[in-house]
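> Got a sequence here, can you build the structure:
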Amino acid sequence: MRYRRDVTDSTVSDGPSSDVGSADYDRQVVGARPLAYRTFGVLLSVLGAIGLAGSFWLSYEKIESLLHPDRVASCTINVFLSCGDAMGSWQGSLLGFPNPFLGVAAFPVVITTGVVILTRVRLPRWYWLCLLGGTVLGQALIFFLMWTSFYTLVKLCPACMVVWTIMWPLLWFQVTRAVQERLLPVGEGLRRAVVGNRGVVLLIGYVVAIGWLLLTVGGALFDSFGL
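Residues are numbered from 1 along each chain as shown. From the prediction side, this is the model:
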């Protein structure tokens with residue numbers, strides 16, 4: 001079923017725009033193929049599932065480390081790639097409990113949102129902004145933990161890196177969708193740039209993160225494999 005959207009009416013910007021007519025309309029407005037509603041739903045579902053798996057993995061390892069202090073975590077590969085130091089540091093329990101528990105609580109919300117989108121249910125603007133705000137806080141925590149790993153611990157946690165990897169696209173695609181649907185007030189030029197170059201910006205983010213990692217702990221990483 002095709003429906004028409006009025007660009008001056010922000011109340012309709014929360015719903016799906018993946019219908020043929022709507023997609024053509026958005027392409028004319030932003031000058032690029034828009035991020036389809038169903039594609040967005042798949043992204044949230046998949047990224048949320050990966051994040052939940054990583055959080056469960058870390059939570060399990062944390063509980064096992066408390067029950068069996070001498071146990072070597074399954075996410076430990078060598079002296080440098082080890083989860084133990086990260087989980088045992090004070091940064092690993094910022095709110096008084098293990099950080100992975102936050103992921104176990106938060107990622108099901110992301111997965112549920114993705115599933116709801118796939119059923120083509122419309123969600124209100126306040127919900128999208130709350131979800132985006134929570135994701136921003138989550139990404140800020142990830143940046144802090146990356147900084148801690150690179151400069152304080154000088155070690156990497158493989159299971160943590162699973163969550164780090166999915167947080168960036170989870171945040172960026174929400175920003176892209178919010179800008180596309182005018183949930184965030186930006187100019188049309190910026191709107192076109194964000195929507196039209198979303199893949200490029202996503203790639204740049206990964207390149208910057210990998211470059212940061214290699215410049216700070218790349219030597220230790222290679223040494224841990226005898227390279």
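
> and whichever helix in the chain runs longest, what's its mean pLDDT?
Determined from DSSP state H, the single longest helix within the chain is helix 37-67. The pLDDT scores in helix 37-67 average 94.

> and what of stretch 125-144?
Stretch 125-144 carries an average pLDDT of 96.

> Give me the packing partners of the longest helix of the chain, helices and strands only.
Packing partners of helix 37-67 (3 or more Cβ pairs under 8 Å, 6 or more residues apart in numbering; DSSP states H and E): helix 84-88, helix 100-118, helix 158-180. Every C-beta, even on glycine, is put in place using the N, C-alpha and C of the backbone.

> Select, out of those, the one closest to Leu227.
Of all the helices and strands packed on helix 37-67, helix 158-180 sits nearest to Leu227, with 17.4 Å by Cβ to Cβ.

> continuing past that closest one, what's the next helix or strand?
helix 188-196 (DSSP states H and E).

> before we move on, the earlier item: what angle separates the longest helix of the chain from helix 100-118?
160 degrees (axes from the mean of the first three to the mean of the last three Cα atoms, to 10 degrees).

> Return the distance of helix 37-67 from the chain's centre.
11 Å (Cα atoms, centre = their mean, to the nearest Å).

> One more: stretch 66-82?
Between the centre of stretch 66-82 and the centre of its chain there are 26 Å (Cα atoms, centre = their mean).

> With mean neighbour count and distance to Leu213 as new columns, can the helices and strands packed on helix 37-67 be given to me in JSON lines?
Listed next are those as JSON lines, based on neighbours: other Cβ atoms under 10 Å; distance: least, Cβ to Cβ, whole Å:
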{"stretch": "helix 84-88", "mean neighbour count": "20", "distance to Leu213": "14"}
{"stretch": "helix 100-118", "mean neighbour count": "18", "distance to Leu213": "21"}
{"stretch": "helix 158-180", "mean neighbour count": "21", "distance to Leu213": "9"}
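
> returning to that earlier point: got the angle between the longest helix of the chain and helix 158-180?
Following the same axes, to 10 degrees, one obtains 150 degrees for the angle between helix 37-67 and helix 158-180.

> Quick one, grab the pLDDT at the residue nearest to the spatial centre of the chain.
Nearest residue to the geometric centre of the chain (Cα atoms, centre = their mean): Met167, 2.0 Å. What the model reports as pLDDT for Met167 is 97.

> sorry, back to before: and the helices and strands packed on helix 37-67 as JSON lines, adding distance to Pro69?
Below are these laid out as JSON lines (distance: least, Cβ to Cβ, whole Å):
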{"stretch": "helix 84-88", "distance to Pro69": "10"}
{"stretch": "helix 100-118", "distance to Pro69": "18"}
{"stretch": "helix 158-180", "distance to Pro69": "18"}
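
> Can you say which of those helices is nearest to Ser45?
The nearest among the helices and strands packed on helix 37-67, by Cβ to Cβ, is helix 100-118 at 3.3 Å.

> Show me what that closest one packs onto, helices and strands only.
Using 3+ Cβ pairs under 8 Å, 6+ apart, helix 100-118 is in contact with helix 37-67, helix 125-147.

> Measure how the first one sits relative to helix 125-147, angle-wise.
What it means is helix 37-67. 50 degrees.

> Next one: Val116 relative to Glu64, how far apart?
34 Å (Cβ to Cβ, to the nearest Å).

> wait, doesn't Leu47 sit right on Leu170?
Yes - with contacts counted by Cβ atoms under 8 Å, Leu47 reaches Leu170, the gap being 4.7 Å.
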